[in-house]
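**Q** Return a 3D structure for these sequence lines:
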Amino acid sequence: IQDLKGKKMAIVGDILHSRVARSNIWCLTACGAEVHLVGPPTLLPSGFAAAFTTAAPGDSPRPVYQHWQLAPALENADFVMTLRLQRERMSQHLLPSLREYHRHYGITRDRLTHCQDSVKILHPGPTNRGVEISSDLMDDPNLSLIADQVTSGVAVRMALLYLIGTPHTTQE
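**A** Numbering: from 1, shown residues only. Modelled structure (predicted):
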């Protein structure tokens, strides 16, 4: 991936409770990507995306789009990032069932027909196979970047911890 400018990223799942979603929204829009959020209304409240529509000085605003139905969010997507659905949301009655969630928001091979042919799948982990994403997609080396994403995430965290813990001096 040379440049994210103009690329479409669909972020699917529990947007409301996800730090991963928030940091990706800020980062992706700063890089010029078009971000589409999709999830059940209980996990993606009305107006949520508007809080992320920002513009740098002298730049035009980069809107973040919000959907409650999967197909419009996936339409021509270059990337699809699914987020882990935490099982405690079930006890909070934010969803009827995991099966119902998968039926409406689970990423399957059939649903990817709405996306670009070159679409790539991401998930920050850990995953609930068969809930956020079907197992065959998770393991498909032509579509899934999940293993690389998890591996790189560890290295990035290690580097950040090193930088935070190392004293730095400024040169004048």
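**Q** which residues touch K8?
**A** Contact analysis of K8 by Cβ atoms under 8 Å, 6 or more residues apart in numbering lists A33, E34, H36, N76, A77, D78, F79, Q116. Just so you know, the C-beta spots here come from the backbone N, C-alpha and C atoms, and that holds for glycine as well.
**Q** Tell me where the chain has helices.
**A** 19-30, 70-74, 88-91, 98-105, 135-138, 146-165 (DSSP state H).
**Q** where does this protein have low pLDDT?
**A** 1, 54-59, 61, 89-90, 169-172 (pLDDT under 70).
**Q** what do you get if the cut-off is 50, keeping everything else the same?
**A** Within the chain, the set of residues satisfying pLDDT under 50 is empty.
**Q** And for A77, the neighbour number?
**A** By the criterion of other Cβ atoms under 10 Å, A77 has 22 neighbours.
**Q** That one contacts M9, correct?
**A** Yes - if you go by Cβ atoms under 8 Å, A77 and M9 touch, sitting 6.9 Å apart.
**Q** Between these two, which contacts overlap?
**A** Joint contacts of A77 and M9 (Cβ under 8 Å, 6+ apart) are H36.
**Q** Which strand residues bridge I133?
**A** I107, R129 (DSSP bridges).
**Q** tell me the contacts of it?
**A** By Cβ under 8 Å, 6+ apart, the residues touching I133 are T82, G106, I107, T108, I121, H123, T127.
**Q** Quick check: the nearest residue in space to I146 that is not next to it in sequence vs V20, distance?
**A** Once flanking residues are discounted, I146 sits nearest to H123: 4.9 Å by Cβ to Cβ, 6 or more residues apart in numbering. Note on H123: its distance to V20, by Cβ to Cβ, to the nearest Å, is 9 Å.
**Q** Between the two, point out the one with more neighbours.
**A** Legend: neighbour count by other Cβ under 10 Å for H123 and V20, higher for H123 (26 against 20).
**Q** quick one, phi/psi of that one?
**A** Dihedral angles of H123 (phi, psi; degrees, to the nearest 10) stand at phi -160, psi 130.
**Q** mind starting the numbering at 25 from now?
**A** Sounds good: first residue 25 from here, last item H147.
**Q** Do I have it right that it meets L109?
**A** No - assessed by Cβ under 8 Å, H147 is found out of contact with L109, at 11.0 Å.
**Q** sorry, back to before: now the helices of the chain in CSV, with distance to V88?
**A** Putting those into CSV (distance: least, Cβ to Cβ, whole Å) gives the following:
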stretch, distance to V88
helix 43-54, 6
helix 94-98, 11
helix 112-115, 22
helix 122-129, 18
helix 159-162, 25
helix 170-189, 21
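**Q** Nearest to P65 among those helices would be which one?
**A** Proximity to P65, assessed across the helices of the chain by Cβ to Cβ, is greatest for helix 122-129 (11.1 Å).
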